[in-house]
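# This is a predicted model, with the sequence first.
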Amino acid sequence: MKRKSTSTRAASRRLKSRPRGRPAQAKKATPTKMKSATKAPAKQKATAKAAKETPKKLVAKKPKQSAKTRRPAGKRKADSAPKTKPAQGKTMAKQPDNQQPECNANLGFERELWQAADALRNNMDAAEYKHVVLGLLFLKYISDAFEAKHAELEKEKTQGADPEDKDEYLADRIFWVPKEARWSALLEKAKDPGIGKHIDDAMLAIEKDNPILKSVLPKEFSRPGLDKQRLGQLIDMFANVGFNQPGHRAQDMLGRAYEYFLSRFAGAEGKSGGQFYTPCCVVRVLVHMLAPYKGRVFDPCCGSGGMFVQSEDFIRYHGHRVKNGKGDIAVYGQESNYTTWRLAKMNLAIRGIDAKIEHGDSFHDDHFKDLKADYVLANPPFNSSDWRGELLREDPRWKYGIPPAGNANFAWVQHFISKLSATGQAGFVLANGSMSSNQSGEGDIRKAIIEDDLVDCMVALPGQLFYSTQIPVCLWFLARDKKNNRFRDRRKHTLFIDARNMGSMVDRVHRELTNADVARIANTYHAWRGDPDAGKYEDIPGFCKEATIEDIRKHGYVLTPGRYVGSEAAEDDGVSFEDKMQALVEKLSEQQAEAAKLDKAIAHNLKELGYGE
């Protein structure tokens, strides 16, 4: 009788041992009980302490849920949300994803982990150090996942399982980690002066056995400029962080840690940090407004993959899937910066997102020429002047006009449009100048796009959201077909939202939009375009306004929301203008009398001191 292949035996063994109808899940290794980390000391003290002892274990604390927000697993939030009557003058729509954590929230261990890792950075440049830390985080995660599966297979040996058979792991979409690359092996060599080479060799071995990671993992740990003692301390520290804690998906835990580290490195790098990281709250606005439940999602300038991560989170919170290429959406992306492309590949691999991410310049080396996407989500470089536009003057993508060689804004816009399917939608970030500029033919291109009835919604965002720039930016939302039977007929109409006064400061120079802010913006758009159960839309002075294409023509094809939404209506307090003026005049008289008394007292004191007449 012909012997079954290992992968077939593994699959049939899993089917026999699992209840019907439940998704396959790898068992998690039971972690050692760990103490909660104490508050991190100052950087120098932490560095000295790290050199003497292994840091305490860090625990990821499970966020508490109130009875109001708790819901059965797998149910969509809208199903259990109480129905409320819209308030007068307010736009109501689907309830926000209250269970999705705020962007600046953490699981209880990311901040401590970051502080400990940052203390070991010493004088290394943040741009270099991020590859060291993120590379080790990735290696720790795949090793943890491998060891958990290895322990499971050890218990199933009597059923024919082989813990050293690569197919057993690949069948459950777990990376195969060779013996010499496993975290336990590296931990034994953490204090070896040659630890850098051991890590590089481990990365090469993992890439060799997992083709999807080829040329992705960092292999620069043996370079002379990297302090090997501190590198060994990092390995010791990460060894005490388990990514298979009870109550959390391991991918969630490391994904959150990876995203948190990306944001902190972006902040540390300042302007250059914006090249690989789009703030979480901005991505959430784009994702929640477009709501990409099903279809092809494309980002031609994907950075570290934040658009895809937030799309996956959004879809999962609504009970859908983005896995194995067989879920509800398929993910495509391209990134021109090689090191950033590597960050994206690791970021998505950690999340288990099966995406096709290519490295190359989207303008000059488009890897998706034939792709027609249902959703385009993007944050292109602002006002890029070095995109070599003079080489693409005859490009067929410039349907609405040749973009200026000195600014790529409308080259990106037309590239996005060229990728949309017949009913596709796009949401992207651009500099505010794109809404009103008339330089170098940009006004004519914008006019042609408006006249083709592609602009569905414009959102003005507050300043200080980005690490790369303090200036405010805007969001464009385009729709190929405003009458596609999914929503109401919106032809010749555009929604304007002015969100410049929203958000709150999270530190001295950075602002974030809260989940409530994101929900208000997204819900307004959904109510306006006619999403099912989204509620009734109404114009709100100072915040949102529906405009016709004729209105836009009257404004010279300028798309700045402030021109359309007007001023916020002042509340009537029931006091007449005359009474208010009388009260103000009386108050002024009192203040002037008080000022005269103070002047007299000051003059008297000066005279007593011998400095007056």
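Everything's here; your move.
# Every contact and neighbour count from this point should use C-alpha atoms.
OK.
# Residue 130 contacts residue 265, doesn't it?
Yes - if you go by C-alpha atoms under 8 Å, residue 130 and residue 265 touch, sitting 6.5 Å apart.
# Domain map for the protein?
6-12+26-61+100-264, 276-565, 577-613 (automatic domain parsing).
# Show the end-to-end separation of stretch 525-539, please.
One end of stretch 525-539 sits 11 Å from the other (C-alpha to C-alpha, to the nearest Å).
# buried sites along that stretch?
Neighbour-count burial for stretch 525-539 flags 525-531, 534-539 (criterion: 16 or more other C-alpha atoms under 10 Å).
# Could you pull out the buried residues of the helix or strand in which residue 152 is found?
Here residue 152 sits within helix 126-155, counting by DSSP states H and E. By neighbour count with 16+ other C-alpha under 10 Å, helix 126-155 contains the buried residues 126, 129-150, 152-153.
# winner for burial among the domains of the chain?
domain 276-565 (a mean of 20; mean count of other C-alpha atoms under 10 Å).
# excluding its backbone neighbours, what's nearest residue 411?
Sequence neighbours aside, residue 403 is the residue nearest to residue 411 in space, at 5.5 Å (criterion: C-alpha to C-alpha, 6 or more residues apart in numbering).
# ok, back up a step: want to throw the buried residues of stretch 525-539 into CSV with pLDDT?
Listed next are the buried residues of stretch 525-539 as CSV, based on pLDDT from 0 to 100:
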residue, pLDDT
525, 98
526, 97
527, 97
528, 97
529, 96
530, 94
531, 93
534, 90
535, 92
536, 94
537, 97
538, 96
539, 97
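# of all those, which two lie farthest apart?
531 and 539 (16.7 Å; C-alpha to C-alpha).
# Can you pull out the low-pLDDT segments for the stretch 401-550 of the chain?
467-469 (pLDDT under 70).
# Quick one: the strands in it, in order.
Listed in chain order, the strands of the stretch 401-550 of the chain (DSSP state E, counting those that start in this stretch) span 420-431, 455-460, 473-479, 493-498, 504-505, 511-512, 544-548.
# what's the residue lying closest to residue 214 once chain neighbours are set aside in contact with, if anything?
Computed as C-alpha to C-alpha, 6+ apart, the closest residue to residue 214 that is not its neighbour in sequence is residue 207, at 5.0 Å. Listed by C-alpha atoms under 8 Å, 6 or more residues apart in numbering, the contact set of residue 207 reads 213-217.
# Out of these, the closest to residue 196 would be?
Closest to residue 196, out of all of the contacts of residue 207 and judged by C-alpha to C-alpha, is residue 217, at 14.0 Å.
# For residue 201, see how far away the closest one is.
For residue 217, the distance to residue 201 equals 11 Å [C-alpha to C-alpha].
# Now for the two: what residues contact both?
The contact sets of residue 217 and residue 201 do not overlap (C-alpha under 8 Å, 6+ apart).
# For the one helix or strand residue 201 maps to, what does the pLDDT average out to?
Taking DSSP H and E as the criterion, residue 201 maps to helix 195-209. The pLDDT scores in helix 195-209 average 95.
# Distance from the chain centre to it, please.
Distance of helix 195-209 from the chain centroid (C-alpha atoms, centre = their mean, to the nearest Å) equals 29 Å.
# quick one: it to helix 126-155, angle?
Computed by axes from the mean of the first three to the mean of the last three C-alpha atoms, to 10 degrees, the angle separating helix 195-209 from helix 126-155 equals 60 degrees.
# starting at the chain centroid, how far to the helix or strand just after helix 195-209?
Counting by DSSP H and E, the next helix or strand C-terminal to helix 195-209 is helix 228-239. Its chain's C-alpha centre and that of helix 228-239 lie 28 Å apart, by C-alpha atoms, centre = their mean.
# Tell me which other helices or strands helix 228-239 touches.
Secondary-structure packing of helix 228-239 (3 or more C-alpha pairs under 8 Å, 6 or more residues apart in numbering; DSSP states H and E): helix 43-52, helix 126-155, helix 183-188, helix 195-209.
# change it to 10 Å
Where contact means 3 or more C-alpha pairs under 10 Å, 6 or more residues apart in numbering; DSSP states H and E, helix 228-239 is packed against helix 43-52, helix 110-119, helix 126-155, helix 183-188, helix 195-209.
# could the ones you listed go into JSON lines alongside distance to residue 448?
Below are those laid out as JSON lines (distance: least, C-alpha to C-alpha, whole Å):
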{"stretch": "helix 43-52", "distance to residue 448": "55"}
{"stretch": "helix 110-119", "distance to residue 448": "47"}
{"stretch": "helix 126-155", "distance to residue 448": "41"}
{"stretch": "helix 183-188", "distance to residue 448": "57"}
{"stretch": "helix 195-209", "distance to residue 448": "48"}
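# Among these, which comes closest to residue 363?
Of these, nearest to residue 363 by C-alpha to C-alpha is helix 126-155, at 26.0 Å.
# In terms of secondary structure, what does that closest one contact?
Using 3+ C-alpha pairs under 10 Å, 6+ apart: helix 126-155 touches helix 110-119, helix 166-170, helix 183-188, helix 195-209, helix 228-239, helix 250-269, helix 338-351.
# can you do 8 Å?
Packed against helix 126-155, as judged by 3+ C-alpha pairs under 8 Å, 6+ apart, are the following elements: helix 183-188, helix 228-239, helix 250-269, helix 338-351.
# Could you measure from residue 192 over to residue 181?
Distance of residue 192 to residue 181, given as C-alpha to C-alpha: 15 Å.
# ignore the last one, residue 132
16 Å.
# pretty sure the residue nearest to residue 411 is touching residue 439, no?
No - counting by C-alpha under 8 Å, residue 403 stays clear of residue 439, with 10.3 Å between them.
# these two touch, right, residue 338 and residue 359?
Yes - the criterion here is C-alpha under 8 Å, and residue 338 meets it with residue 359 at 6.6 Å.
# Show me what the longest helix along the chain is packed up against.
Determined from DSSP state H, the single longest helix within the chain is helix 577-608. Of the remaining helices and strands, none touches helix 577-608 by 3+ C-alpha pairs under 8 Å, 6+ apart.
# Spatially nearest residue to residue 283, not counting backbone neighbours?
residue 307 (6.0 Å).
# hang on, the one you found in a helix?
Yes - counting by DSSP: H, G, I helix; E, B strand; the rest coil, residue 307 is part of a helix.
# so it sits right up against residue 380, yeah?
No - look at residue 307 against residue 380 with C-alpha under 8 Å: they stay out of range, at 11.9 Å.
# Identify the residues contacting the strand or helix carrying residue 282?
Using DSSP H and E, residue 282 falls within helix 280-290. Under the contact criterion C-alpha under 8 Å, 6+ apart, helix 280-290 has outside partners 103, 306-307, 310-311, 314, 375, 377, 425-428, 465, 475, 512-515, 518-519, 521-523, 525-526.
# now stretch 540-547, how far from the centre of its chain.
Mean C-alpha position of stretch 540-547 versus that of the full chain (C-alpha atoms, centre = their mean) differs by 27 Å.
# do stretch 336-343 as well
16 Å.
# Just the residues contacting it, thanks.
215-217, 276, 301, 303-305, 334-335, 357-362.
# And for stretch 175-185?
139-140, 142-144, 146, 166, 169-170, 186, 199, 201-203, 205-206, 209-210, 239.
# for the residue nearest to residue 411, phi and psi?
Per-residue torsions, residue 403: phi -70, psi 150 (degrees, to the nearest 10).
# by how many degrees do the helix holding residue 201 and helix 228-239 diverge?
50 degrees.
# Adjust the sequence numbering to begin at 504 for everything that follows.
Taking 504 as the first residue, the last one we looked at is helix 698-712.
# What values do phi and psi take at the residue nearest to residue 919 when sequence neighbours are not counted?
The shortest distance from residue 919 to any non-neighbouring residue, by C-alpha to C-alpha, 6+ apart, is to residue 879 (6.6 Å). Torsion angles at residue 879 (phi, psi; degrees, to the nearest 10) stand at phi -120, psi 120.
# thinking again about what came up before, which of the contacts of residue 710 lies closest to residue 661?
Looking across these and measuring by C-alpha to C-alpha, the closest to residue 661 is residue 716, at 32.7 Å.
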